[in-house]
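>>> 3D model of this:
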Amino acid sequence: MPTTYTLVAPCFFGTESTLAFEVRRIGAQNVQVTDGRVIFEGDASVIAAANLNLRTAERVLLLLKTWQATTFDELFDGVYSIPWEEIIPADAQFPVKGSSLSSQLSSVPACQSIVKKAVVKRLMAGHHTNTLPETGKLYKLRFALRKNTVEMMLDTSGDGLHKRGYRRNATLAPIKETLAAAIADLGRVRRDTLVQDPFCGSGTLVIEAAQKALNIAPGLRRRFAAEQFDFVPAEVWRAERAKAIEQAKPDAAFEGFGYDIDPAAVALATANAKLAGVGDRCHFEVADVKDFVPRDGATVLTNPPYGERLGDAAEAAALAAVLGKAWHAHPGAGLYAITADADFEKHFGGKATKRRKIYNGMIPCQVYMYFDRKK
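Predicted coordinates:
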């Protein structure tokens, strides 16, 4: 294996610039930004640091090879040329997933079969064995075909990076932790920021803002696939975890407040904040949005109920109007609302200072930002 690796971090469309900044902060080199992902280079310590510290990446993939393939033979030969025996032990499990877009090899199941066959053949030859029991450590393989270009990758994360380890349960249609972290970045959350969310649900926006303000690495409470890989030594993981813990800012003056009309949601948000290590900075209360009053200097981060979370467009519009009246009566440092409601500005009662288009999965959304440009 090389000592410098090329890594790919997918992210929500519209959050690439935030992720690129995070990637540079961990010391990665040759950072490239493309639609929906950031590509970068680094050694084994960067693999560990990326998984532990990136807030807005969906996962960290190790790019093994890129080549052109328009036939199954070309696909097979490209996969077979990778020195799998240097990466995967003879007893490892190695499931294959992939995707194909605008390529001649359009059948994903067929491509999966070819990739698996090529890896098996190479491993048997490289390990000098006729059997691969697949009972050992897990190595998840991923391929991506785009316009006949193949990328073969190894998943270093395992579970998606949005699974921080603190959200055991969630309310209906919750916002992903990675997307919430991106909104906290757009909202300019800093060490001394006061955050409010009048539709807090399971508390994700407030919790992610708190972890950002206190510089708590999002991956400290979980494990990663690459912790089992021989080419990322255990000492590297220990060092990067220790560095992340040392860089935390427990003395930050951040405070967060979340409100929800559902007592079960408030109880869940409170429990999640404790698991996330920010229970003393995040406060959740049962309250109706009609009673919401933005505090002086507060930044409002919110995901107003819409679509799955509500099901009634008229009710969603009414809630946006109530939120707008509260905000206009007591404007704070800024309000950042993510919603799929294309008429949010009309319902809210004012044109946003700025907007950012973000895809929440396959759902096109906007982050509507209200703040004074002079501040």
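
>>> wait, isn't Y306 in contact with I338?
No. When contacts are counted by C-beta atoms under 8 Å, Y306 is not listed as touching I338 (9.6 Å). Every residue, glycine included, has its C-beta placed from N, CA and C.

>>> the helices in the chain, which residues?
With helices called from DSSP state H, the chain shows them at 16-25, 44-53, 72-80, 108-127, 177-186, 204-213, 234-246, 263-275, 313-329, 344-348.

>>> mind putting those in a markdown table, mean pLDDT included?
Listed next are the helices of the chain as a markdown table, based on pLDDT from 0 to 100:
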| stretch | mean pLDDT |
| --- | --- |
| helix 16-25 | 97 |
| helix 44-53 | 98 |
| helix 72-80 | 98 |
| helix 108-127 | 98 |
| helix 177-186 | 97 |
| helix 204-213 | 98 |
| helix 234-246 | 97 |
| helix 263-275 | 95 |
| helix 313-329 | 92 |
| helix 344-348 | 96 |
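
>>> Just say which of those helices is most tucked in.
Most buried of the helices of the chain, by mean neighbour count (mean count of other C-beta atoms under 10 Å): helix 204-213, with a mean of 30.

>>> Remind me what that helix packs against, helices and strands.
Counting by 3 or more C-beta pairs under 8 Å, 6 or more residues apart in numbering; DSSP states H and E, the packing neighbours recorded for helix 204-213 are helix 177-186, strand 194-197, strand 255-260, helix 263-275, strand 282-286, strand 299-302.

>>> Just send the ones you listed back as CSV, with distance to G36 too.
As requested, the helices and strands packed on helix 204-213 are exported to CSV (distance: least, C-beta to C-beta, whole Å):
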stretch, distance to G36
helix 177-186, 12
strand 194-197, 26
strand 255-260, 29
helix 263-275, 27
strand 282-286, 30
strand 299-302, 23
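
>>> what about the helices of the chain, which gets the closest to L63?
Between L63 and the helices of the chain, the shortest gap by C-beta to C-beta is with helix 44-53, which sits at 11.8 Å.

>>> starting at the chain centroid, how far to that closest one?
Averaging C-alpha positions (C-alpha atoms, centre = their mean, to the nearest Å) puts helix 44-53 15 Å from its chain's average.

>>> Can you name the residues in contact with that helix?
When contacts are defined by C-beta atoms under 8 Å, 6 or more residues apart in numbering, helix 44-53 is touched by residues 3, 5, 7, 9, 22-23, 25-28, 40, 42, 57, 60, 62, 156-157, 161, 217-220, 224, 226, 231-233, 236-237, 239-241, 243-244.

>>> now the stretch 251-375 of the chain, which segments are flagged as low pLDDT?
Under the criterion pLDDT under 70, the flagged ranges of the stretch 251-375 of the chain are 307-311, 373-375.

>>> out of the helices and strands packed on helix 204-213, nearest to K346?
The minimum distance between K346 and those falls on strand 299-302, with 17.5 Å, by C-beta to C-beta.

>>> Does anything pack onto that closest one? Which helices or strands?
Looks like strand 299-302 contacts helix 177-186, strand 194-197, helix 204-213, strand 334-339 (3+ C-beta pairs under 8 Å, 6+ apart).
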